[in-house]
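1. return a 3D structure for these sequence lines:
(one chain, ligands or ions: 3)
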Amino acid sequence: MGLVNTKEMLKKAYNEGYAVGAFNVNNMEIIQGITEACEEMKSPVILQVSAGARKYAKHKYLVRLVEAAVEETNIPIALHLDHGDSFELCKSCIDGGFTSVMIDGSSLSYDENVEVTKKVVDYAHKYNVTVEGELGKLAGIEDDVNVSEKDSSYTDPSQVEDFVNKTGVDSLAIAIGTSHGAYKFKPGHKVELRFDILKEIQKKLPQFPIVLHGASSVLPNLVEKINKFGGSLEDAIGVPEDLLKKSSKMAVCKINVDSDLRLAMTASIREHLSLHPKHFDPRQYLTDARSAIKEVVRHKIENVLGSFNKI
Ligand code: G3H
Ligand code: 13P
Ligand code: ZN
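-> Residues are numbered from 1 along each chain as shown. Ligands and ions are numbered 1, 2, ... in the order given. Here you go, the predicted structure:
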């Protein structure tokens with residue numbers, strides 16, 4: 001079905017009340033685990049690459065691996081830049097084969113955010129590349145930048161129409177209470193999402209795809225396994241899956257997951273090495289890690305996204 005941008009994918013998701021999973025990729029096993037699960041579930045998917053992933057694995061390696069996944073499967077796959085922080089970075093990904101980019105101007109003033117986002121959109125659209133913008137600021141850690149709870153802010157619904165009209169973005173990431181990383185909330189905190197804000201935004205932007213970042217649930221079985229095999233993630237807390245599922249039936253059409261994949265991979269490698277102390281062939285524990293990634297993606301499609309049989 002090929003490498004596609006996110007336009008039709010997100011439009012179909014909006015119309016049919018589900019969300020497409022956007023999973024962060026850093027190496028071959030992660031790409032294979034995600035796309036094998038999506039192929040089996042007949043689900044579209046967005047493979048996203050952060051600046052950190054690009055630095056770790058190198059742009060060309062990731063693009064070639066994603067192209068191989070496209071050849072091996074029969075599902076729509078978008079290759080997306082996650083949290084692009086400059087026009088130059090977005091341009092380099094567009095020129096280098098990505099089909100979608102995010103320009104994250106959420107740390108800038110409103111006017112600066114509009115300016116850089118519009119510049120990216122004007123360039124991207126010439127090449128049929130879709131653009132995600134962001135309004136509002138999530139708490140948590142991304143690429144070593146730690147946004148504290150007091151510096152985070154919900155998206156202001158009164159700005160969204162103006163932002164979309166001025167920039168021409170194809171989708172919009174919003175802040176309604178999710179947070180990046182595995183330590184999203186303090187123990188004992190009742191996790192809630194601001195569905196009232198999401199509804200307001202949906203009213204202002206009918207038929208427009210909304211994106212949720214920081215949407216890992218920090219799956220308790222994975223945290224337990226990591227702790228059982230020598231880790232220490234006792235305070236890790238994520239977004240309850242029923243809240244994410246509810247958002248996927250509203251205007252949320254793209255749900256970002258990275259931390260749950262990291263936990264799955266680490267839990268399986270810790271377990272493998274602990275149960276097989278004599279193993280030292282990476283293919284042995286990475287086979288388990290790839291299966292663990294696949295299992296989490298299947299779980300997300302079934303329990304959060306609702307994107308099975310949607311190709
Ligand atoms: O939102 C950020 C993603 O989890 C990517 O994390 O920048 O450490 O690759 P990273
Ligand atoms: P999590 O840390 O909740 O997985 O969020 C990932 C994300 O938003 C990537 O952009
Ligand atoms: Zn994010």
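2. show the end-to-end separation of stretch 193-213, please.
-> Stretch 193-213 has an end-to-end distance of 12 Å (criterion: CA to CA, to the nearest Å).
3. check which residues of it are buried.
-> 193-194, 197-198, 200-202, 205, 208-213 (16 or more other CB atoms under 10 Å). In short, each C-beta sits where N, CA and C put it, glycine included.
4. ditto for stretch 214-228
-> For stretch 214-228, burial by neighbour count (16+ other CB under 10 Å) applies to 214-219, 222-223, 225-226.
5. can I get those in a markdown table including pLDDT?
-> Compiled in a markdown table, the buried residues of stretch 214-228 are given as follows (pLDDT from 0 to 100):
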| residue | pLDDT |
| --- | --- |
| Gly214 | 98 |
| Ala215 | 98 |
| Ser216 | 98 |
| Ser217 | 98 |
| Val218 | 97 |
| Leu219 | 97 |
| Leu222 | 98 |
| Val223 | 97 |
| Lys225 | 97 |
| Ile226 | 98 |
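6. now do the strands in the stretch 101-250 of the chain.
-> Per DSSP state E, counting those that start in this stretch, the stretch 101-250 of the chain carries strands over the ranges 130-135, 139-142, 145-147, 171-174, 179-180, 210-212.
7. would you mind finding the most buried of those strands?
-> Highest mean neighbour count among the strands of the stretch 101-250 of the chain (mean count of other CB atoms under 10 Å): strand 130-135, with a mean of 27.
8. adjacent strands (with direction) for that one?
-> Under the criterion DSSP bridges, strand 130-135 sits next to strand 100-103 (parallel), strand 171-174 (parallel) in its sheet.
9. quick one: buried residues of stretch 102-119?
-> For stretch 102-119, burial by neighbour count (16+ other CB under 10 Å) applies to 102-106, 113-114, 116-119.
10. least confident of those?
-> pLDDT is lowest at Ser106 among the buried residues of stretch 102-119; the value there is 94.
11. what sits closest to it if chain neighbours are left out?
-> Glu134 (4.3 Å; CB to CB, 6 or more residues apart in numbering).
12. partners of the one you found in the sheet?
-> Note on Glu134: beta-bridge partners by DSSP bridges are Ala173.
13. measure Val70 to ligand 2 for me?
-> Counting by CB to the nearest ligand atom, to the nearest Å, the gap from Val70 to ligand 2 is 21 Å.
14. buried stuff in the one helix or strand that residue maps to?
-> In the assignment (DSSP states H and E), Val70 maps to helix 59-72. Within helix 59-72, the residues that count as buried by 16+ other CB under 10 Å are 59, 62-63, 65-66, 69-70.
15. ditto for stretch 262-282
-> Within stretch 262-282, the residues scored as buried using 16+ other CB under 10 Å are 262-273.
16. now, among the residues you listed, which is nearest to ligand 2?
-> Arg262 (7.7 Å; CB to the nearest ligand atom).
17. helix/strand/coil for the closest one?
-> Following DSSP: H, G, I helix; E, B strand; the rest coil, Arg262 is assigned to helix.
18. got the contact list for the residue nearest to it when sequence neighbours are not counted?
-> Closest residue in space to Arg262, ignoring its immediate chain neighbours: Ala182 at 7.6 Å, by CB to CB, 6+ apart. Contact analysis of Ala182 by CB atoms under 8 Å, 6 or more residues apart in numbering lists 216, 218, 233, 236, 238, 259, 262-263.
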